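Student: Test case, fold it:
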Amino acid sequence: MTDTTRQSIVPAVQHGIPATVPSSNSVTSNPIFTLGLQLVAIALTSSQAGNITVQRYLDDAGLIKQGPVLTQAITANTAAVLNITDNNPFATFTVNVSNSGGVAANLTNLGILLQGK
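Tutor: Okay, here's the model as predicted:
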């Protein structure tokens with residue numbers, strides 16, 4: 001039996017999330033194309049508390065929303081992971097990282113992994 005699972009790491013040049021989020025502010029990624037890979041893991045560590053949110057879209061232009069925004073709380077200096085595992089179809093998504101702290105947040109260990117068959 002052959003495993004047909006595919007994985008792809010989204011490079012920083014594609015997602016465009018900066019390494020710093022201004023105080024009491026947020027940053028949003030470029031649209032990320034799934035290429036049919038429907039399982040997603042987004043991980044990061046932030047020096048400040050905040051949230052990771054994801055909005056999925058049915059179209060490449062990011063105009064037709066697929067479901068509600070998905071949210072994962074960020075605790076300062078602790079790895080946060082948001083997983084998308086509900087198997088709902090979507091073509092693109094955006095990632096928003098917010099900083100609820102009074103100083104700029106430094107993001108480290110930022111990774112976005114797509115997986116599917």
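Student: The residue most central in space within the chain pairs with what?
Tutor: Centroid-nearest residue in the chain, with C-alpha atoms, centre = their mean: residue 95, separated by 4.0 Å. According to DSSP bridges, the residues that bridge with residue 95 are residue 54.
Student: Distance check, it against residue 41.
Tutor: Between residue 95 and residue 41 the computed distance is 11 Å (C-beta to C-beta, to the nearest Å). C-betas here are computed from N, CA, C, even on glycine.
Student: Find the residues that touch each one of the two.
Tutor: Common neighbours of residue 95 and residue 41, using C-beta atoms under 8 Å, 6 or more residues apart in numbering, are residue 112.
Student: my guess is residue 59 meets residue 93, correct?
Tutor: No - look at residue 59 against residue 93 with C-beta atoms under 8 Å: they stay out of range, at 11.5 Å.
Student: circling back to that earlier point, show the pLDDT at the residue nearest to the centre of the chain.
Tutor: Listed pLDDT for residue 95 reads 98.
Student: repeat for the one 5 residues further on
Tutor: The predicted structure scores residue 100 at 98 on the pLDDT scale.
Student: What of the one 3 residues further on?
Tutor: Per-residue confidence for residue 103 comes out at a pLDDT of 98.
Student: Let me see the contact set for it.
Tutor: 23, 48.
Student: That one should be in a strand, yeah?
Tutor: No - according to DSSP: H, G, I helix; E, B strand; the rest coil, residue 103 belongs to no strand; its state is coil.
Student: Quick check: it vs residue 44, distance?
Tutor: Taking C-beta to C-beta, one finds residue 103 at 17 Å from residue 44.
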